[in-house]
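Student: dropping the sequence and predicted coords here.
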Amino acid sequence: MTIKLARLVYWAASAWLIALPVGAIYVLTNIDVLTRIAQQNLGLPIQWFSVDAWQWYAVWAVSLGYLAIGYLGVYYLRRAFRSFARGQWFDTDNSRSLRLFAIFLVAQGLAKPLHFAACSVLLSWNHPAGERMLSLSAGSNELVLIISGLVVWVLADLLLAGIAADTENRQFV
C-alpha cells in the first residue's frame, strides 16, 4: 500500500508540474481570467474600474513568483516520492529532496503575506492619494503551512542523521 501511495503522490506532483506552467501561460494570454479571480477572491476595496492592464500583468508576475516557490517545492517532493515508489526508502537523495521540499513549504508560508501585500499595492496604485492600500493578511493557513514544513524539515534531517550513522556503522564492520 505504501508504494501505491508513493506512486499516487509522484503522479499528482508530476501533473501539478505540468499544469502550473500551462495555467500561467493561459492566464497571461487571457488576463481577464486573473481579473475575475482577483475580484472574486481578494476581498479588498479596490476601485476595479481604475486598474490598468500593466497592473494586471504586474500582479500576474508577482503571483508567478509566489507560485514558483511552491512549484520548486513540488519538484523536490516529486523527486523524493519517485524513489519511494521504487522502494528506495532510506537514501541521502530522498532525505535531501524532502528537506528541500520542507524549506520551500516554509518559504511559501512566509511569502504569502508579502504576496498579498504586493498585490494590494499594485491594484490600488491608481487610487487617489490617501486611498492607496497596503494590506497584510496572515492566518491559520499560513501557520499550518509553516509548521508542517518545519516538521518535515526535522524529519528529513533525522533521516539524514540516521543514514550517516548507518554508513559509519557499516565502515566499522
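Tutor: Alright, I've got the coordinates. Residues are numbered from 1 along each chain as shown.
Student: for the most centrally placed residue in the chain, what are its contacts?
Tutor: With distances taken as CA atoms, centre = their mean, the residue of the chain nearest its centroid is Gly70 (1.8 Å). Neighbouring residues of Gly70 by CB atoms under 8 Å, 6 or more residues apart in numbering: 104, 108. Glycine gets a C-beta too; all of them are placed from N, C-alpha and C.
Student: for it, give me the pLDDT.
Tutor: Per-residue pLDDT puts Gly70 at 94.
Student: host element of it?
Tutor: Secondary-structure assignment from DSSP states H and E places Gly70 in helix 53-85.
Student: list the buried ones in that helix?
Tutor: Neighbour-count burial for helix 53-85 flags 55-56, 58-60, 62-63, 66-67, 69-85 (criterion: 16 or more other CB atoms under 10 Å).
Student: right, and the helix or strand after that helix?
Tutor: helix 92-123.
Student: model confidence over the next helix-or-strand element following that following helix, on average?
Tutor: Using DSSP H and E, the helix or strand that follows helix 92-123 in sequence is helix 140-172. Here helix 140-172 scores 84 as its mean pLDDT.
Student: which helices and strands sit right next to helix 140-172?
Tutor: The contact analysis (3 or more CB pairs under 8 Å, 6 or more residues apart in numbering; DSSP states H and E) places helix 140-172 against helix 92-123.
Student: tell me the angle the helix holding Gly70 makes with helix 92-123.
Tutor: With axes from the mean of the first three to the mean of the last three CA atoms, to 10 degrees applied, the angle from helix 53-85 to helix 92-123 works out at 170 degrees.
Student: can you pull the contacts of Glu142?
Tutor: The neighbours of Glu142, taking CB under 8 Å, 6+ apart as the test, are 109-110, 112-113.
Student: and it, how far from Phe104?
Tutor: Distance of Glu142 to Phe104, computed by CB to CB, to the nearest Å: 14 Å.
Student: cool, Glu131 as well?
Tutor: Counting by CB to CB, the separation of Glu131 from Phe104 is 36 Å.
Student: same drill for the two, tell me which one is more crowded.
Tutor: Between Glu131 and Phe104, counting by other CB atoms under 10 Å, Phe104 is the more crowded of the two (22 against 12).
Student: before I go, just wanted to say thanks for your time.
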